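# sequence below, structure please.
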Amino acid sequence: MNDRRTTSQFVALIGLTMLVAGLCLFLGPVPDASWSIIMEVRLPRVLLGLLVGAGLATAGVILQGVLRNPLADPFILGTSSAATTGVMLAGLLGIGSYFGLYFMALGFGIFSIYLVYRIATVANRTPVQTMILAGVIVSLFFNAIVFVFFSIFFREQISVLYYLLGTLTEGDTTKLVISAVIIVLGTMVSWFLGRDLDLLTQGEEAAFHLGVRTETSKRILFVLASAMVAASVAVAGLIGFIGLIVPHMMRIIMGPKHRVLIPASALGGALVLVLADALARTAVPPLEIPVGAVTALLGSPYFVFLLRRRQTEY
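Numbers count the residues shown, from 1 in each chain. Modelled structure (predicted):
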């Protein structure tokens, strides 16, 4: 009965995502757009929204599971801003290869998670509130570096400013393909490790006694989350709170099992980001709001709600 219900929920979620994506092709500051605009401008943008939303949401599921922290999010923990620092530093160093770009983004993303974990861990304990504070500190640090780079080297480039605020206007086909491969493979491998995530949420000691190679699994999962964040940041910039909001929504609807939660969150993240981008394009026509600003406006109140709820539980 539960399997049948889960299957029907997945079918409904897939159908809703496809329906919304199709409708968003016809939404924009130009309501009567030509077919060429729909196919050459809006379709790639919708596909990019689906891709980045899925990557960020899946990364959020992984971080929440490994860190046993329901408030974990790539944006809040500083992973997104660290990856952005890597992308901008690659540009400043003249690293023109795609390998160098993604390597820098991934390296900085992994380093940010390491910093948060090291700062927050005291006497082999990592309290939820301490980790969030550590994440905010690391995020502010890398954000400061990003805007120092922007102020000194990119001040005259409005496209860079939109990138820093989050945008789905990337036109480099090669980067889109590379990011798609990373996010799809990352989602598949994290789904394969769903049982390990289920056990890690019960505590590392319990997971170890149940046969999980905890340190190995944690390292793999951290790399997967960082890779998907880096792949998303490389093509869309700083887009926050997708990895926080969507896993909670899907956990309520689909349950806590990660073999179900991971694909559900990927679909939910794709759906939410496409809707946010449609709102960004149509709220104040003919102007366009950066989609990262829209997700922050939606996600910040929800983060406060979750934080207050966690505080009342202790």
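# the residue nearest to residue 276 when sequence neighbours are not counted: how many residues sit nearby?
Distance criterion Cβ to Cβ, 6 or more residues apart in numbering; nearest residue to residue 276, sequence neighbours excluded, is residue 294 at 4.6 Å. Yep, even glycine has a C-beta here, placed from its N, CA and C like the rest. Residue 294 has 23 neighbours, counted by other Cβ atoms under 10 Å.
# could you check which helix or strand contains residue 294?
helix 291-312 (DSSP states H and E).
# for the residue nearest to residue 276, list the residues it contacts.
Contact analysis of residue 294 by Cβ atoms under 8 Å, 6 or more residues apart in numbering lists 276, 277, 279, 280, 283.
# for the residues you listed, which one is nearest residue 182?
The closest of those to residue 182 turns out to be residue 277 (Cβ to Cβ; 20.6 Å).
# thinking again about what came up before, quick one: the residue nearest to residue 276 from residue 24, how far?
Going from residue 294 to residue 24 by Cβ to Cβ, to the nearest Å gives 14 Å.
# what is the neighbour count of the closest residue to residue 275 other than its chain neighbours?
Excluding the flanking residues, the one nearest residue 275 by Cβ to Cβ, 6+ apart is residue 20, at 6.2 Å. Using other Cβ under 10 Å, residue 20 has 17 other residues around it.
# in which helix or strand would I find residue 20?
Per DSSP H and E: residue 20 is located in helix 2-24.
# by neighbours, which of the contacts of residue 294 wins?
Most neighbours among these, by other Cβ under 10 Å: residue 277, with 31 neighbours.
# which SSE is it in?
Following DSSP H and E, one finds residue 277 within helix 258-282.
# which secondary structure state is assigned to residue 288?
coil (DSSP: H, G, I helix; E, B strand; the rest coil).
# pretty sure it contacts residue 282?
No. Counting by Cβ atoms under 8 Å, residue 288 does not reach residue 282; the two are 9.0 Å apart.
# that older thread, how close does the residue nearest to residue 276 sit to residue 240?
The value you get for residue 294 to residue 240, if Cβ to Cβ is used, is 10 Å.
# again, but for residue 221
Between residue 221 and residue 240 the computed distance is 21 Å (Cβ to Cβ).
# looks to me like residue 71 is in a helix.
No. Judged by three-state DSSP, residue 71 forms no part of a helix; its state is coil.
# phi and psi next, for it.
Main-chain dihedrals, residue 71, degrees, to the nearest 10: phi -100, psi 0.
# and it, how far from residue 270?
In this view, residue 71 and residue 270 are 22 Å apart by Cβ to Cβ.
# repeat that for residue 256.
According to Cβ to Cβ, residue 256 stands 21 Å off from residue 270.
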